[in-house]
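J.: With the input below, show me the fold.
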Amino acid sequence: MTGTRWTRRHGRGEGILTAVPRQGHERSAVSVDRPHVTADGARGARVPGNAVFFPAAAAYGMLVLPAFVLSLLGYVPAPPGLATPAGHAHEMLFGFALGVIAGNQLGPVTARHLVLLFGLWASARVAFLVAPQSIAAMATNIGFATLLVFQLAPRLAGSAKKWRNQALPIVLTAICGSAIALQVALHAGAGAAAHAVLGVSIPLVSLLMLFMGGRLIAPTVAGQFHRQGERLEARVQPRLEGGLIVTMAIAAASAPFADRPWGAGIGASAMVAASALATARLLRWRLWALRGRPDLLCLAAGYAWLAIGLAFYGIALAAGRYLAPALHVITAGSLGTLTLNVMAMTRLLKARKDPSRARLPVWGTLLVGGAAMARVTSGLGVGDTHVMLLVASLCWSLAFALLLWLLVRVR
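T.: I've put the predicted structure just below:
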């Protein structure tokens, strides 16, 4: 990247490669892992987690969503794990998304640990699709979530000094705990408990996207402004970030009581407040003033989807209707956009490519946006529901097919 030098930074998220402008102090960080080098200079047997998890998660996301939609519409038989909306949610959140989280946060790990983690993740996907209530599905899904949290949480917690930084290991632990709880509930056939766990999972995953999205967008935007000869005063914005952590924690804590008026009211208020804070944070980054950085605008689009989705979900929760389309603004719109762009940017930076010149992530972002809009309109009863679901499925699959092509081709 022109005007940028590369340096290694350790600590939180060890193995992160940081882009530092040559004439300034702004930093733009993306989790890009390099081969581990021992003290004597020899390469250790360590492999970046994203080298395996990112392509696998992209391929799984590309296939599992259309499999659910086509089975829902009666075109193909439903795999047992995708026969219900709860199974679909399980695989999108704790199959696809948790795989992306693993690739993003693991850093360089020994080949043995990576084989074990990835083997558990892949086995869990097969076991859940084939027999979601089986012992095999429960053992592999719980095993993966447990091993992942033990791999990540101690390192992240040990290097976090400020209370806001402690939010990352806590929310990762809570997400893995939700994956375990949901698997146990599904195995036991406890539909109400499974619904409650999914209700908690949405604000937890949203909080993770708010935290990680802000920590990625703020320094990269500040670095770009520096290269344009300007200065961005509002970067991480600690007070707004702290407010987002508190409001989303309240939303998660109130989610199990969403069937009661007071619980729905608290959760709705927290979601809408978080949306206002996220919108203010996004506007203060002044992204409209960036020049020649479509990659950063794509990341910002994912953050904007999240701000809109939180407001929509809060209003839907208070009204007791339209929860499904509101949920898909967060999952299809924000989760899809952010995961696609983080995976693409990580691979491009690792290959020493300029993300601002890559066009596949831009097309992917537009396709994910189209998928989200089609899914939301179908939930609102606008247009032909059948057609809108097919359009959403097609757009999503094409977006992640483009991402998979980039991940395989760029080295």
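J.: Give me the mean pLDDT for the helix or strand containing residue 208.
T.: Residue 208 belongs to helix 191-227 when assigned by DSSP states H and E. If you average the pLDDT over helix 191-227, you get 94.
J.: can you check stretch 312-330 too?
T.: 95.
J.: which residues sit against it?
T.: Contact partners of stretch 312-330, identified using C-beta atoms under 8 Å, 6 or more residues apart in numbering, comprise 202, 205-206, 258, 264-265, 267-272, 275, 305-306, 308-310, 372, 375-380. C-beta coordinates here come from the backbone N, C-alpha and C atoms, glycine included.
J.: give me that answer again for 7 Å
T.: With contact meaning C-beta atoms under 7 Å, 6 or more residues apart in numbering, stretch 312-330 is reached by 202, 206, 258, 264-265, 267-268, 271-272, 275, 305-306, 308-309, 372, 375-376, 379-380.
J.: got it, and stretch 89-104?
T.: With C-beta under 7 Å, 6+ apart, stretch 89-104 has contacts from 31, 49-50, 53-54, 56-57, 60-61, 64-65, 81-82, 117, 121, 125, 128, 141, 148, 179, 182, 186, 198, 201, 205, 331, 335, 339, 342-343.
J.: end-to-end on it?
T.: End-to-end distance for stretch 89-104, by C-alpha to C-alpha, to the nearest Å: 21 Å.
J.: rewinding a little: derive a ChimeraX selection command for the buried subset of the contacts of stretch 312-330.
T.: Selection of buried members from the contacts of stretch 312-330 for ChimeraX, criterion 16 or more other C-beta atoms under 10 Å:
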select :202,206,258,264,267,268,271,272,275,305,306,308,309,372,375,376,379
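J.: In helices, which of the contacts of stretch 312-330 appear?
T.: 202, 206, 264-265, 267-268, 271-272, 275, 305-306, 308-309, 372, 375-376, 379 (DSSP state H).
J.: for the stretch 1-150 of the chain, what spans make up the helices?
T.: 50-72, 85-91, 98-105, 111-130, 135-159 (DSSP state H, counting those that start in this stretch).
J.: Please identify the buried residues of the first one?
T.: Buried residues in helix 50-72, defined by neighbour count with 16+ other C-beta under 10 Å: 50-62, 64-72.
J.: so where is this structure shaky, pLDDT-wise?
T.: Residue ranges of the chain with pLDDT under 70: 1-44.
J.: between the helices of the stretch 1-150 of the chain, which gets nearest to residue 394?
T.: Nearest to residue 394, of all these, is helix 50-72, at 7.5 Å by C-beta to C-beta.
J.: I'd like to know which elements that closest one is packed against.
T.: helix 98-105, helix 111-130, helix 336-350, helix 385-409 (3 or more C-beta pairs under 7 Å, 6 or more residues apart in numbering; DSSP states H and E).
J.: next one: the shortest one to chain centre, how far?
T.: Yep, that's helix 98-105 we're talking about. Centre-to-centre, helix 98-105 and its host chain are 8 Å apart (C-alpha atoms, centre = their mean, to the nearest Å).
J.: What residues does the nearest residue to residue 408 once chain neighbours are set aside make contact with?
T.: Closest residue to residue 408 apart from its sequence neighbours, by C-beta to C-beta, 6 or more residues apart in numbering: residue 55 at 6.4 Å. Applying C-beta under 7 Å, 6+ apart to residue 55 gives the contacts 404, 407, 408.
J.: In a markdown table, list the helices of the stretch 1-150 of the chain along with distance to residue 357.
T.: Supplementary listing: these in a markdown table, determined by distance: least, C-beta to C-beta, whole Å:
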| stretch | distance to residue 357 |
| --- | --- |
| helix 50-72 | 20 |
| helix 85-91 | 34 |
| helix 98-105 | 23 |
| helix 111-130 | 31 |
| helix 135-159 | 32 |
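J.: Go through those and pick out the most buried.
T.: Among these, helix 98-105 has the highest mean neighbour count (mean count of other C-beta atoms under 10 Å), at a mean of 25.
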